[in-house]
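*Asks:* give me coordinates for this.
(2 chains)
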Amino acid sequence: MRKSLLAGSAVAIAMSLISNVPSAQGQAAFDRRDFSGVWRISKAAGPPWLPTSNRQFAGEMTLQPWAQQHCKEVGCARATNSSGEPVGDAYYQAKDPVLFRCAPYGFPRIMLEGDYMEIFETRKQDRMFMRFYRNNHEREIWLDGRGHPEDPQRPWSGHSIGRWDGNTLVVDTVGITGGQDGKYKWLDGAGFPHSDDLHVTERISRPDRTTLQIDFVFDDPRAYRTPIRSTVLYRLIEDPEVLANTGPSVEYTRCEDRVYAEGEGEVWPFVGSEYDYTPQFPRAGTAIYEGGE
Amino acid sequence: MGKCLALVFAMLVGLSVGSIPAESQRYDARDFSGYWSLRQAAGPPWAPNRNTQFTREMPQLQPWAQEHCKRVGCGRGVDSANNPFGNAYLQGEDPALVRCAPRGFPRILLNGGIMEIIPIPKRLFVRFYLNNEKREIWLDGRQHPEEAQRPWTGHSIGTWDGNTLVVDTVGLNGGQDGQFKWLDHAGHPHSDDLLVIERIQRTDADTLDFSLTFEDPKTFTAPVRGRVVYQRHTDEAARLISGPSVEYVRCEDQIYADQEADAWPFFSGEYPKPQFPPAGPPQQ
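*Replies:* Predicted coordinates:
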């Protein structure tokens, strides 16, 4: 009796330690440490009252003065504030460097706007790659125990190192120096800036077979008085039609219209004076970014 | 005595087993993974900058392609008589330079910088330093789709023939007959019908040999056969400076530009003057 109890306990303990999880609902077993597959954002990242709330990571941002100034200029955030009043729309105010300078999205913005994201590891499991449909952007996460180099030379994506904490991959990213305080690169799609000192920590887990969860912490005291926390959920894409036509294996050529352009006005609206998008919203005045909402 | 002999014999066997060949001489001929850089020049021997094309000879071109080559000045540097002739790069016609267009496949094989090959599920994933360009070769037995949706790098499928990987690539329709994309550095065009067949072999531990056949009857009067040879790249320090893990942002000067002339020299008219007169076809 004691022996079988012990044996049973041993088996139970062993089962809880292995990463394979037979689901209670009878779904196929899956490996919690296997993030491979194609994923797409499922849960809105921004405040619930924003119409297009996948544009930013968090609702509460406590900006330093220069960052507030930046946000007044570009019109951070989109559409309306919590009172339903229109606030600045950075996209329509012709300030988005991705749109008007053909700049890369970079990290972490690509995590919100990359569309389909494919994750795979090298066979030796010393690196994990994330490939995105948008701009064919990719980032690599080193899993071989290395530290950050002196000069990572990855100004748009940063240098990422990861280590396992149980079934959670903890990723540390530094070296994101391409943006020059928001002039050429944004933290997110809403226009919020970041400094060269931005330090991003991600805790990546797979709570069930079709869900990937990333808990972000953005630590940038030069730009934000307190760290920004955000949880983003992605769902697994399995439809072969979708994978064939829109995944990262489909080629996306950044700023393709410029490649094929004949006339100057098509190529570089930024510097021509003929750019005439009419913003749908007035420039931001009291905006959510002043920490009040 | 018997025991002594046995001991000596064992020692001899041990010694012979112990003299294992250097690690680099042992390799899996079907394992292409790792870092590689271009070793062997592909172009004609008399061209000063010999990595401009895949073939030693100039391809035989259909009439429209000859016209294209007259215009852009196909070839680089000098002809076989050592006379300067067309330098497409310096004549401001290179779409990769003046339109910020991707180089695409197969051109990226000529000057992509350090190339990294990574086996991933169902595929070989190939990354290049230059422009962070990449391609993938499907190894799971699939066929080409109706519409490849990969105008610059094409859709590639590979099958093993012994230890040779035979890769078939179609769908290269981003170039519009040489206007936005070239087959090589020298300026040769290709049509949307281009079919590229590569036979890739790891002929020794440090060598990756690509035999290429370019079939494009709309452009070439006969299939064009070329070759590039890659050397295994072992310099970790160099990879930190110029490997594919270093971020290369295509046309970065355009991103940071404040003035139109910096952003788009193509239209500003200030593009550097060519060093050579426009080319006729080479005098061979």
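
*Asks:* hey, let's count contacts and neighbours off CA atoms from now on
*Replies:* Will do.

*Asks:* need the contact list for residue 219.
*Replies:* Because you didn't say which chain, this covers chain A. Residues near residue A:219 by C-alpha atoms under 8 Å, 6 or more residues apart in numbering or on different chains: A:198, A:199, A:200, A:226, A:227, A:228.

*Asks:* wait, chain B
*Replies:* B:61, B:62, B:64, B:65, B:189, B:190, B:191.

*Asks:* for the chain, what spans make up the strands?
*Replies:* You didn't pick a chain, so chain A it is. Secondary structure of chain A (DSSP state E): strands located at A:20-21, A:30-31, A:37-41, A:117-121, A:127-132, A:138-142, A:159-165, A:168-174, A:199-208, A:211-219, A:228-237.

*Asks:* not what I meant, chain B
*Replies:* Along chain B, counting by DSSP E, strands occupy B:34-40, B:115-120, B:123-128, B:134-138, B:155-161, B:164-170, B:195-204, B:207-215, B:224-232.

*Asks:* can you give me the buried ones in the fifth one?
*Replies:* Just to be clear, that refers to strand B:155-161. Neighbour-count burial for strand B:155-161 flags B:155, B:156, B:157, B:158, B:159 (criterion: 16 or more other C-alpha atoms under 10 Å in any protein chain shown).

*Asks:* direction included, what does it pair up with?
*Replies:* strand B:134-138 (parallel), strand B:164-170 (antiparallel) (DSSP bridges).

*Asks:* for residue A:166, phi and psi?
*Replies:* For residue A:166, the backbone dihedrals are phi 70, psi -130 (criterion: degrees, to the nearest 10).

*Asks:* what about it, how many neighbours?
*Replies:* Per other C-alpha atoms under 10 Å in any protein chain shown, the neighbour tally for residue A:166 reads 13.

*Asks:* in contact with the closest residue to residue B:228 other than its chain neighbours, which residues?
*Replies:* Excluding the flanking residues, the one nearest residue B:228 by C-alpha to C-alpha, 6 or more residues apart in numbering or on different chains is residue B:210, at 5.3 Å. Going by C-alpha under 8 Å, 6+ apart, residue B:210 touches B:198, B:199, B:200, B:201, B:227, B:228, B:229.

*Asks:* interface residues of the stretch 51-200 of chain A facing chain B?
*Replies:* With C-alpha under 8 Å from any C-alpha of the partner chain as the criterion, the stretch 51-200 of chain A comes near chain B at residues A:101-104, A:120-123, A:140, A:152-157, A:184.

*Asks:* now the two most distant members of these.
*Replies:* Distance extremes for those: the farthest pair is A:101 and A:123 at 37.2 Å, using C-alpha to C-alpha.

*Asks:* related to what we said a few turns ago, can you list the contacts of residue A:219 in a markdown table and add pLDDT and distance to residue B:56?
*Replies:* Below are these laid out as a markdown table (pLDDT from 0 to 100; distance: C-alpha to C-alpha, whole Å):
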| residue | pLDDT | distance to residue B:56 |
| --- | --- | --- |
| A:198 | 97 | 51 |
| A:199 | 97 | 51 |
| A:200 | 98 | 51 |
| A:226 | 95 | 62 |
| A:227 | 95 | 60 |
| A:228 | 92 | 58 |
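
*Asks:* buried only: go through those residues for me.
*Replies:* Listed as buried from the contacts of residue A:219 are A:198, A:199, A:200, A:226, A:227, A:228; burial here means 16+ other C-alpha under 10 Å.

*Asks:* okay, now the unreliable bits of the chain?
*Replies:* Because you didn't say which chain, this covers chain A. Low-confidence segments of chain A (pLDDT under 70): A:1-27, A:44-54, A:59, A:77-94, A:246, A:257-293.

*Asks:* look at chain B instead
*Replies:* Along chain B, the model assigns pLDDT under 70 to residues B:1-25, B:41-50, B:76-92, B:253-254, B:257-284.
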